[in-house]
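# Predicted model follows, preceded by the sequence.
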Amino acid sequence: MKRVVMGACFSLCVCLFVVLAAPQSSAAETSPPNIVVVLVDDMGFSDLGCYGSEIETPHIDSLAENGLRFTQFYNSGRCCPTRASLMTGLHPHQVGIGHMTAPPGKTLVAPPAYQGHLNETCVTIPQVLKSKDYHTFMTGKWHLGHADQNDWPLQRGFDRFYGGISGAFNYFKPGGDRGMTDGNEEVETEDGFYATDAFTDIACDYISEATRTDDKPFFLYLAYNAPHWPLNAKVKDFEKYRGRYAEGWEALMKARQAKQREIGLFDESVQPAPHVGPAWESLKPKKRDDLDAIMAAYAGCVDNIDQNIGRLVAHLKSIDQYENTLILFLSDNGACQEGGRLGFGDEKMVRNPPLETTNGVRQGLAWANASNTPFRLYKHFLHEGGANTPMIAHWPGGIPESRRNSFVRQPAYLPDIMATCVELAGAEMPGDVPPCEGSSFVNALIGDSEVAGRPIHDSPMFFEHEGNAAMRDGDWKLVREYEKPWELYNIAEDRTELNDLATEESDRRDRMIAAWEAWATKTEVAFPERYNMYQEMKKHE
């Protein structure tokens, strides 16, 4: 029998965040910090106020103003490969999620790198941190294996879990194979449930229960499904933005570019990539009105995330217990173009969303392109618009006051989060699993300006998703779309990938291609023909 779990009704007054007392003079003198990783889903590079947006995100902006903003932090191009890399410190192919996870109710016969769920030769961040007596909690979207319970969060190191095991789900009324799970048990949700609120409230409850009895540090993975489709914005959040996008994507991108320069994110030398959608004025008034509604729904979902971050941080401040908590806030990939060129939905659908289904409003390619200002492309791809994510680090007891509200401009990527957590906890990776592929960025957090400015990586970073591929080596980036020629960019001089140097720098290009192919062979990446789970499943239907 299913248990019923209350949604959006946990009082914050019972959310007692007990954080280890820590002097602020030096991070090296503190106890191991609590670590909170907040991962949002399908949010574009420029969708936060502190990265150029008009969307009102004051609480997240405050984390940036009192912390650090990364400007070249790379994801894996899509939802579950990013989660696989984040949780394990390895490349997605090394842990069995080289493409996607098998959809609920489906089985898959595939090569090991593409089996569609976590394999047994990896460990997760919570498994490693438990060796140093961390409490480990997760709320939100798992998406690392659905069919076998051995792949679920409790079996992968978390003490407590509440959320969705599969991929996308309805914010108001999750249902069917895309419902909610408490621990290992399927649960119903009550009227008034809203996923973003519930995940925050239940995370608070987990920490309260654990920290009443001891002073162990905690690791919290708060993985919001927002703003992934369906864009189930609350009506009040939607109405706040209705009409703000009536001037279209060209005007939006221009305003965001100006703000990015104003706040020092980019200088005048960074030229924006051109927009790929139709001219706004070429669209009929009804279509423009529907598109304004779609983007207002998207903005409302992002705004609600910010409200929840504000509630979490305000509570920590009210009990003076957040000084030694490191918060990392990031997105799993660039904004999502999966709703077609002009997206899907209208105001009626926002106000009366289909329930127990993932049908609903979708942002679409043209708005996604704007969300990723000033970059090219979007989710799935490894050009900057798909693979570069906003990432904020906030740690009052660790980040020197003199460096707060500044930028970390060195390239970094997902496996670095495992390496950083291991160092901060004083833990070690087990010797019977592949070594972490990442490099710790602790120095970038706690070091003085000279130390913090040193490279995080002294060796290349490699990527592949759906045949789209990339490599970062210092200032140089090799990248391609599937079945298209390799491109080469000097990112230090050409941040938005507009001046392809593949012909001019052919020797460098060929060396980097050889290095990528050597990595791909070692990592069991399928190339030159890609492996696509969905195509393979159709062959066997």
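That came through, no problem. Because the structure is a prediction, the values reported are computed rather than measured.
# Might you list the low-confidence residue ranges for the stretch 251-400 of the chain?
319-321 (pLDDT under 70).
# which residues in it form strands?
325-331, 388-394 (DSSP state E, counting those that start in this stretch).
# Who are the packing partners of the first one?
With contacts defined as 3 or more C-beta pairs under 8 Å, 6 or more residues apart in numbering; DSSP states H and E, the packing partners of strand 325-331 are strand 34-40, helix 58-65, helix 285-318, strand 388-394. (Each C-beta comes from the backbone N, C-alpha and C, glycine too.)
# Turn the ones you listed into CSV, including distance to Asp197 and mean neighbour count.
Below are the helices and strands packed on strand 325-331 laid out as CSV (distance: least, C-beta to C-beta, whole Å; neighbours: other C-beta atoms under 10 Å):
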stretch, distance to Asp197, mean neighbour count
strand 34-40, 14, 25
helix 58-65, 14, 20
helix 285-318, 6, 21
strand 388-394, 21, 25
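# between the strands of the stretch 251-400 of the chain, which one is nearest to Asp475?
strand 388-394 (14.7 Å; C-beta to C-beta).
# Quick one: list the elements packing against the closest one.
Using 3+ C-beta pairs under 8 Å, 6+ apart, strand 388-394 sits against helix 58-65, strand 68-74, strand 325-331.
# and the ones you listed as JSON lines, adding distance to Val408?
Supplementary listing: the helices and strands packed on strand 388-394 in JSON lines, determined by distance: least, C-beta to C-beta, whole Å:
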{"stretch": "helix 58-65", "distance to Val408": "11"}
{"stretch": "strand 68-74", "distance to Val408": "5"}
{"stretch": "strand 325-331", "distance to Val408": "12"}
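# In TSV: the strands of the stretch 251-400 of the chain, plus distance to Asp47.
Listed next are the strands of the stretch 251-400 of the chain as TSV, based on distance: least, C-beta to C-beta, whole Å:
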stretch	distance to Asp47
strand 325-331	8
strand 388-394	8
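# so which of these comes closest to Asn150?
Across the strands of the stretch 251-400 of the chain, closest to Asn150 is strand 325-331 (C-beta to C-beta), at 27.3 Å.
# And for that closest one, what's in contact with it?
17, 19, 33-45, 60, 63, 67, 73, 75, 309, 313, 316, 389-398, 417, 424, 445 (C-beta atoms under 8 Å, 6 or more residues apart in numbering).
# one step back: between the strands of the stretch 251-400 of the chain, which one is closest to Met537.
strand 325-331 (27.7 Å).
# That closest one vs helix 58-65, what angle?
110 degrees (axes from the mean of the first three to the mean of the last three C-alpha atoms, to 10 degrees).
# residues near Ser440, how many?
Residues lying near Ser440 (other C-beta atoms under 10 Å) number 19.
# Which of the helices or strands spans it?
For Ser440, there is no host helix or strand (DSSP states H and E).
# That one against Glu423, yeah?
Yes: counting by C-beta atoms under 8 Å, Ser440 does reach Glu423; the two are 4.4 Å apart.
# Give the residues shared as contacts by those two.
Joint contacts of Ser440 and Glu423 (C-beta under 8 Å, 6+ apart) do not exist.
# Which one, of the strands of the stretch 251-400 of the chain, ends up nearest to Arg495?
strand 388-394 (9.5 Å).
# Parallel or antiparallel, which strands does the closest one pair with?
strand 68-74 (antiparallel), strand 325-331 (antiparallel) (DSSP bridges).
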